[in-house]
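Enquirer: Return a 3D structure for these sequence lines:
(chains A, B, C and D)
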2 protein chains.
Amino acid sequence: MRHKRRDGIETRHLIVKVSRDLFMELGYRAVSTRKIATACQITQPTLYHYFENKEAIYLEVLRTELLETKNQLDQVISNHEDLEECLFQISYHLLLHVPKDLSQMEHDIRHELAEQHRGMIFQWWQAAYLTPISTVLEKGMNKGEIRHPSEYHTTVDSLSMLLLNLIKAYPPSDPSSPEIQIEKRAEEQARLFTNILLYGLAPK
Amino acid sequence: MRHKRRDGIETRHLIVKVSRDLFMELGYRAVSTRKIATACQITQPTLYHYFENKEAIYLEVLRTELLETKNQLDQVISNHEDLEECLFQISYHLLLHVPKDLSQMEHDIRHELAEQHRGMIFQWWQAAYLTPISTVLEKGMNKGEIRHPSEYHTTVDSLSMLLLNLIKAYPPSDPSSPEIQIEKRAEEQARLFTNILLYGLAPK
DNA sequence: TATATTCTCTATCAAGTGATAGATTTATGA
DNA sequence: TCATAAATCTATCACTTGATAGAGAATATA
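Expert: Modelled structure (predicted):
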């Protein structure tokens, strides 16, 4: 018995999971198919039994990643009524559970993938990140808890992007610090983001 | 006369200038030495007459880029007294003149360059981006125009990072739109950023 | 003019890349 | 038990990568 033989679907899942971590950490170009295979403890051609090519792996990673994020955010939102608390929970959750470097992901989508896939990916992305936040802001707007975006010459979606940019660009913490501190830090950051977004820096 | 022969220093400058645009647009890994050479209309080995290796080119790009940014920001700041106007001008300038994707740059620094250079680069980066903004915020704090950061359990530097993250993550505009619209858009965005940073979304 | 230096070139290397062909092993089920 | 299908392998291809050796041409210097 020279081959460790897994269930097919199991190997496929493994590939997606391992690739996700590698792609999100290092970026599309820096992750070779051999790197993926080694991390999965399989040989490189085996990848091609499950996926047509490298890009197809990345697409599957994106699809599952964004779908999961959407489900989690929808969950978070449905659990909180209050605007400020809801924004805080969204920020907190994204800071903790989302790929370290969302900008990396955007870059890869823009520069490394075939153009034909962009429309589809943008829809996934919108459903995962933009729509949930915009929904919350819109509700707050209707309740008069935030000003109408037109006062700022902007839109609800732009404001969502703005919050998202705060979150996604936040630098990864020192990996030497323990897990518990990571959560503490995320909480402080999330509190800061929501505070400033709602009330600003100027004294009242 | 088969060789177009330039002044040495001229060729070197050309390499840095061309590489800057490529690196900032596509990222370190996606830019090959041949791509650089072709864009400079020289052959690839010629690059190695001026630089030890690819990394040295990138380092020189970073050094000049960050130094220039520092000088420009210092200039902008010295020209404006008022806090809000100063923050607006900083945002406006960065939106217009800074590499489209600063996150890309951070990724490359973190993942593609030898660790020994990071300390030095971080100092350049700090002098170019962080210090100028922090100086402005600190002044505003001393004049009572913004709250003391400790009220938010944060620091001036963190607040600077926050503003910077807003700016740096901002998506590039549609390349089909004319130049004049780009400036208009940058102005609106800069106004939005400073407004929210200072006053927040909540009604007074 | 003659020599040295600078600049640019052609040719080439070793390593790594994504991808394919086809053999080999393991499990399934009639 | 034996044929079939699924999973994994070895071997290899064509291409790109960063980098080097060394020749040739343009310029500077003496």
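Enquirer: which SS state does A:R6 fall under?
Expert: Secondary structure for A:R6, judged by DSSP: H, G, I helix; E, B strand; the rest coil, is coil.
Enquirer: For A:E138, give its distance to A:T194.
Expert: Per Cβ to Cβ, to the nearest Å, A:E138 is found 16 Å from A:T194. Quick note: C-beta positions are derived from backbone N, CA and C, even for glycine.
Enquirer: So for these two, which sits in the more crowded spot?
Expert: More neighbours surround A:T194 than the other of A:E138 and A:T194, with 23 against 16 (other Cβ atoms under 10 Å in any protein chain shown).
Enquirer: element containing the more buried one, please.
Expert: Under the criterion of DSSP states H and E, A:T194 resides in helix A:179-199.
Enquirer: in that helix, what counts as buried?
Expert: Under the neighbour-count criterion of 16 or more other Cβ atoms under 10 Å in any protein chain shown, helix A:179-199 has A:182, A:185-186, A:188-199 buried.
Enquirer: Could you single out the nearest of the residues you listed to A:R147?
Expert: When the buried residues of helix A:179-199 are compared for distance to A:R147 (Cβ to Cβ), A:L198 wins out at 10.3 Å.
Enquirer: tally of neighbours for A:T46?
Expert: A:T46 has 13 neighbouring residues, counting by other Cβ under 10 Å.
Enquirer: now it, nearest residue through space, not along the chain?
Expert: A:A37 (6.6 Å; Cβ to Cβ, 6 or more residues apart in numbering or on different chains).
Enquirer: pLDDT (mean, whole number) over stretch A:145-164?
Expert: Averaged over stretch A:145-164, pLDDT sits at 93.
Enquirer: again, but for stretch A:168-183
Expert: 72.
Enquirer: and the nearest residue to A:H97 once chain neighbours are set aside, what element?
Expert: Closest residue to A:H97 apart from its sequence neighbours, by Cβ to Cβ, 6+ apart: A:Q72 at 6.8 Å. Using DSSP H and E, A:Q72 maps to helix A:54-78.
Enquirer: circling back: could I get the pLDDT score of the residue nearest to A:T46?
Expert: Per-residue pLDDT puts A:A37 at 98.
Enquirer: Give me the distance between the helix or strand encompassing it and the centre of its chain.
Expert: Using DSSP H and E, A:A37 maps to helix A:33-40. Centre-to-centre, helix A:33-40 and its host chain are 23 Å apart (Cα atoms, centre = their mean, to the nearest Å).
Enquirer: any idea how far the residue nearest to A:R12 when sequence neighbours are not counted lies from A:H13?
Expert: Nearest non-adjacent residue to A:R12, counting by Cβ to Cβ, 6+ apart: A:Y50, 4.9 Å away. As judged by Cβ to Cβ, A:Y50 and A:H13 stand 10 Å apart.
Enquirer: Please say which of these two ends up with more neighbours.
Expert: Just comparing A:Y50 and A:H13: by other Cβ under 10 Å the higher neighbour count belongs to A:Y50, 18 against 14.
Enquirer: if I look at the more buried one, how far off is chain B?
Expert: Relative to chain B, A:Y50 is positioned 25 Å away (criterion: Cβ to the nearest Cβ, to the nearest Å).
Enquirer: same deal with A:S19?
Expert: A:S19 is 17 Å from chain B, by Cβ to the nearest Cβ.
Enquirer: quick one: buried residues of the helix or strand where that residue lies?
Expert: Using DSSP H and E, A:S19 falls within helix A:8-26. By neighbour count on 16+ other Cβ under 10 Å, the buried set for helix A:8-26 is A:T11, A:R12, A:L14, A:I15, A:V16, A:V18, A:S19, A:R20, A:L22, A:F23, A:M24, A:L26.
Enquirer: Columns pLDDT and distance to DNA strand C on top of these, output as CSV?
Expert: Shown next, in CSV, are the buried residues of helix A:8-26 (pLDDT from 0 to 100; distance: Cβ to the nearest atom of the strand, whole Å):
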residue, pLDDT, distance to DNA strand C
A:T11, 96, 13
A:R12, 97, 16
A:L14, 98, 17
A:I15, 98, 13
A:V16, 98, 15
A:V18, 98, 14
A:S19, 98, 11
A:R20, 97, 16
A:L22, 97, 11
A:F23, 97, 11
A:M24, 94, 16
A:L26, 94, 11
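Enquirer: quick check, nearest of those residues to B:K204?
Expert: Closest approach between the buried residues of helix A:8-26 and B:K204, by Cβ to Cβ: A:M24, at 41.0 Å.
Enquirer: if I pick the closest residue to that closest one other than its chain neighbours, what's in contact with it?
Expert: Leaving aside its sequence neighbours, A:M24 sits nearest to A:P99 (Cβ to Cβ, 6+ apart; 3.9 Å). Residues in contact with A:P99 (Cβ atoms under 8 Å, 6 or more residues apart in numbering or on different chains) are A:M24, A:E65, A:M105.
Enquirer: right, and the helix or strand after the helix holding A:A37?
Expert: helix A:44-50.
Enquirer: which of the residues in that following helix are buried?
Expert: So for helix A:44-50, counting by 16+ other Cβ under 10 Å, buried means A:L47, A:Y50.
Enquirer: Residues in contact with it: which ones?
Expert: The contact list for helix A:44-50 (Cβ under 8 Å, 6+ apart) reads A:G8, A:T11, A:R12, A:I15, A:T33, A:R34, A:I36, A:A37, A:I57.
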